[in-house]
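Enquirer: Quick one: sequence and predicted model below, then my questions.
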Amino acid sequence: MNIAGSYQSMFKIPELKRRILFTAFILAIYRLGSHIPVPGIDRGAMADLFANLEGTFAGLYDMFSGGNLSNATIFALGIMPYISASIILQLLQAVVPYFEKLAKEGEEGRKKINQYTRYGTVGLALVQSFGMSFAVEGLGVVAYPGLAFKLMFILTLTTGTMLVMWLGEQITERGIGNGISLIIFAGIIARYPSDILRTIQQLQDGSLHWFVLLIILAFMLAVIAAIIAITQGQRKIPVQYAKKIVGRRVYGGASTHIPLRVNTAGVIPIIFAQSIIMFPATLGNFFPDSDFWQALSSTFTPPHIVYIVVYSAMIILFAYFYTAVILNPRDVADNLKKNSGFIPGVRPGNKTAEYIDRVLTRVTLPGAVFLAIIAILPDLMIYYLNVPFYFGGTGLLIVVGVALDTLQQIESHLVMRHYDGFMAKGRLRARRT
């Protein structure tokens, strides 16, 4: 069955059809809320202000909120408080015994961690909206500043974040894929139509040549293909389970593998590195008369060589750091030993942990270097090729990753109900060989 047939099969399964339509409905609600402004703010002045904040932390935050921050909507904080709370909880699981114990308790522990994440989201949303209320008043975009505006602003943004979090959880439970990721995905691709219009405008006024555009499009396809390869790339470590006889039954004896992904950390290293590297540029906007801050800001602005070297190094370091946080070779080795599993040719216990750690260290390096290249790519394309849109970086990694994850979710539904999925040809080829 071809790809078109697979798309038709999606709507032949009632449950899958209902999940897809429900996801589309929730995303439509999210986009509708992205056009409801916060009362008391001059949206035109806010948009003009953010036009000069590209490449700063505020610009990064605006990207994750789907442009809601620059448009001063009720979803201005977006899903960032939830993402921050999730990352904090993941880090706590590596250093705090209580959270580490919860992570090992299965479904019940996961529910408690999710509840703590919700509490953390509300707390971070209150703190961030409180700070932003003073910031927007200081920028002069508020019609009637004062205590009443601050209270209304904090309540509106915190409620908006809670609503976005709830919408994401509804997609996760009743829709397709990870709801939080799909909401970020929807916010990012919502900017694509304006980028396309800007490109057409540059073609019409002659500032962008057709030949250059064709080269850019070919390069974009190559980059997307590379991201897909790195995202799905993994190193499979073979694992053998010993046979166990319990009564008259024989358990174990199966062969499987441990998949170590090339890019285990995902997009998190770029987010961490961007948050730090953009700090000097952000401070430079607040101190326009300071020669020191302006010089520091220009040093850590693309395409300065210091910016490229420091930014790349931080991404690689954070990739190793976050991989070590979410994947502990010692825990993997202990779980294998408890279940009578072993890696052929490697002794169980410490030797297995050392072997997995050594393989993981080697596998992570090409993924980390690739993340650094993808992160620097859009800045270089804009500066040297005069590309009228921001291609690459965090946004592209999220879009490609979420799209692949969603296709895999749909694929599992199709295969489970004996339909050919999107990867049917690949599976048939694997069976023949």
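Expert: Received the coordinates, thanks. Numbers count the residues shown, from 1 in each chain.

Enquirer: Go ahead and confirm Arg118 touches Met165.
Expert: Yes - checked against C-beta atoms under 8 Å, the pair Arg118 and Met165 is within contact range at 6.9 Å. To be clear about C-beta, it is placed using only N, CA and C from the backbone, and glycine gets the same treatment.

Enquirer: Look at the two and report which has more neighbours.
Expert: Between Arg118 and Met165, counted using other C-beta atoms under 10 Å, the more crowded position is Met165 (22 against 16).

Enquirer: secondary structure element for the residue nearest to Met63 when sequence neighbours are not counted?
Expert: Leaving aside its chain neighbours, Met63 sits nearest to Gly395 (6.1 Å; criterion: C-beta to C-beta, 6 or more residues apart in numbering). Element membership of Gly395 [criterion: DSSP states H and E] is helix 393-416.

Enquirer: Export stretch 279-297 to CSV, keeping only CA atoms.
Expert: The C-alpha coordinates for stretch 279-297 follow below in CSV (Å, rounded to 0.1, in the frame of the first residue of the first chain):
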residue,chain,number,x,y,z
PHE,A,279,22.0,36.9,28.1
PRO,A,280,24.7,39.5,27.0
ALA,A,281,22.6,40.6,24.0
THR,A,282,19.5,40.9,26.3
LEU,A,283,21.4,43.1,28.8
GLY,A,284,22.8,45.2,25.9
ASN,A,285,19.2,46.2,25.0
PHE,A,286,18.6,47.3,28.6
PHE,A,287,21.8,49.4,28.7
PRO,A,288,22.1,51.1,25.3
ASP,A,289,24.3,53.8,26.6
SER,A,290,26.9,51.5,28.2
ASP,A,291,30.0,50.9,26.0
PHE,A,292,30.9,47.8,28.0
TRP,A,293,27.5,46.1,27.5
GLN,A,294,27.3,47.1,23.9
ALA,A,295,30.8,45.6,23.2
LEU,A,296,29.9,42.5,25.1
SER,A,297,26.6,42.2,23.2
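
Enquirer: mean confidence for that stretch?
Expert: On average, the pLDDT along stretch 279-297 is 75.

Enquirer: just to revisit the earlier point, isn't the residue nearest to Met63 right up against Phe185?
Expert: No - counting by C-beta under 8 Å, Gly395 does not reach Phe185; the two are 9.5 Å apart.

Enquirer: returning to that earlier point: which pLDDT value belongs to the residue nearest to Met63?
Expert: 80.

Enquirer: Secondary structure element holding the nearest residue to Asn263 once chain neighbours are set aside?
Expert: With C-beta to C-beta, 6+ apart as the criterion, Asn263 has its nearest non-adjacent residue at 3.9 Å, and that residue is Gly367. Element membership of Gly367 [criterion: DSSP H and E] is helix 350-385.

Enquirer: Measure how that helix sits relative to helix 393-416, angle-wise.
Expert: Angle between the axes of helix 350-385 and helix 393-416 is 120 degrees (criterion: axes from the mean of the first three to the mean of the last three C-alpha atoms, to 10 degrees).

Enquirer: Mind giving me the packing neighbours of helix 350-385?
Expert: Using 3 or more C-beta pairs under 8 Å, 6 or more residues apart in numbering; DSSP states H and E, the elements in contact with helix 350-385 are helix 210-232, strand 234-241, strand 255-261, helix 268-277, helix 305-326, helix 329-338, helix 393-416.

Enquirer: Quick one, which of these gets closest to Arg19.
Expert: Closest approach to Arg19 among the helices and strands packed on helix 350-385 is made by helix 393-416 (7.8 Å; C-beta to C-beta).

Enquirer: Now the closest one: buried residues?
Expert: 393-403, 405-407, 409-411, 413-414 (16 or more other C-beta atoms under 10 Å).

Enquirer: One more: stretch 95-115?
Expert: Here stretch 95-115 shows Phe99, Leu102, Ala103, Gly109, Ile113 as buried, counting by 16+ other C-beta under 10 Å.

Enquirer: Restrict that stretch to CA atoms and write it as PDB.
Expert: Provided in PDB are the C-alpha atoms of stretch 95-115 (Å, rounded to 0.1, in the frame of the first residue of the first chain):
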ATOM      1  CA  VAL A  95      20.200  14.400  42.500                       C
ATOM      2  CA  VAL A  96      17.300  14.100  45.100                       C
ATOM      3  CA  PRO A  97      16.700  10.500  46.400                       C
ATOM      4  CA  TYR A  98      12.900  11.100  46.900                       C
ATOM      5  CA  PHE A  99      12.300  12.000  43.300                       C
ATOM      6  CA  GLU A 100      14.700   9.300  42.100                       C
ATOM      7  CA  LYS A 101      12.500   6.800  44.100                       C
ATOM      8  CA  LEU A 102       9.300   8.200  42.600                       C
ATOM      9  CA  ALA A 103      10.800   7.700  39.100                       C
ATOM     10  CA  LYS A 104      11.300   4.000  39.800                       C
ATOM     11  CA  GLU A 105       7.900   3.400  41.200                       C
ATOM     12  CA  GLY A 106       6.200   2.900  37.800                       C
ATOM     13  CA  GLU A 107       2.900   4.400  37.000                       C
ATOM     14  CA  GLU A 108       2.100   5.700  40.500                       C
ATOM     15  CA  GLY A 109       5.400   7.400  40.800                       C
ATOM     16  CA  ARG A 110       4.900   9.000  37.400                       C
ATOM     17  CA  LYS A 111       1.500  10.300  38.400                       C
ATOM     18  CA  LYS A 112       3.000  12.000  41.500                       C
ATOM     19  CA  ILE A 113       5.800  13.500  39.400                       C
ATOM     20  CA  ASN A 114       3.300  14.900  36.900                       C
ATOM     21  CA  GLN A 115       1.300  16.400  39.800                       C
END
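
Enquirer: Can you tell me the number of residues neighbouring the closest residue to Arg43 other than its chain neighbours?
Expert: Using C-beta to C-beta, 6+ apart and skipping the chain neighbours, the partner closest in space to Arg43 is Ala72 (5.0 Å). Residues lying near Ala72 (other C-beta under 10 Å) number 23.

Enquirer: let's have the chain start at 41 instead
Expert: All right, first residue 41 from here; so that's Ala112.

Enquirer: Let me see the backbone angles for Ala112.
Expert: Ala112 has phi and psi values of phi 50, psi 50 when expressed as degrees, to the nearest 10.
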